[in-house]
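Engineer: sharing a model prediction with you, sequence too.
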Amino acid sequence: MIPIEISKPSFQVTKFSPVDFKEGIRANLDMVDKVRECSRIIGEALTRQMELRRKNKVISVNVVIDD
């Protein structure tokens with residue numbers, strides 16, 4: 001004989017609603033697009049900042065060799 005554990009269902013199991021679940025998933029998918037757009041903007045801003053820092057550190061020197 002296989003022992004089986006029987007107990008009360010958890011709070012999450014009793015309060016689960018398929019309709020609310022689908023709405024939550026849709027809201028999460030909408031948020032993914034917003035977060036992706038924000039991260040793209042932040043990444044572009046950081047890239048520009050790094051380019052400016054590099055330009056400020058590098059000193060251009062034009063060398064002319066006279067024979």
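Structural biologist: The structure has been received and is ready for your questions. Model, not experiment: these values are computed from the prediction. Numbers count the residues shown, from 1 in each chain.
Engineer: how far out from the middle of the chain is the helix ranked longest in the chain?
Structural biologist: Longest among the helix segments of the chain by residue count, using DSSP state H, is helix 18-57. Here helix 18-57 is found 6 Å from its chain centre; the criterion is CA atoms, centre = their mean, to the nearest Å.
Engineer: what packs against it?
Structural biologist: Other helices and strands packing on helix 18-57, by 3 or more CB pairs under 8 Å, 6 or more residues apart in numbering; DSSP states H and E, are absent; none qualifies. Quick note: C-beta positions are derived from backbone N, CA and C, even for glycine.
Engineer: quick one: mean pLDDT for it?
Structural biologist: The average pLDDT for helix 18-57 rounds to 92.
Engineer: give the buried residues for it.
Structural biologist: By neighbour count on 16 or more other CB atoms under 10 Å, the buried set for helix 18-57 is empty.
Engineer: cool, stretch 55-67 as well?
Structural biologist: For stretch 55-67, it's none, nothing buried (16+ other CB under 10 Å).
Engineer: need the pLDDT of residue 67.
Structural biologist: Looking at residue 67, its pLDDT is 60.
Engineer: could you do residue 8 as well?
Structural biologist: 82.
Engineer: which secondary structure state does it sit in?
Structural biologist: coil (DSSP: H, G, I helix; E, B strand; the rest coil).
Engineer: relative to residue 14, how far out is it?
Structural biologist: Noted for residue 8: a distance of 9 Å to residue 14, by CB to CB, to the nearest Å.
Engineer: same thing with residue 53?
Structural biologist: In terms of CB to CB, residue 53 sits 56 Å off from residue 14.
Engineer: could you check how far residue 62 is from residue 12?
Structural biologist: 70 Å.
Engineer: do the same with residue 66
Structural biologist: 82 Å.
Engineer: ok, residue 51 next?
Structural biologist: Distance from residue 51 to residue 12, by CB to CB: 49 Å.
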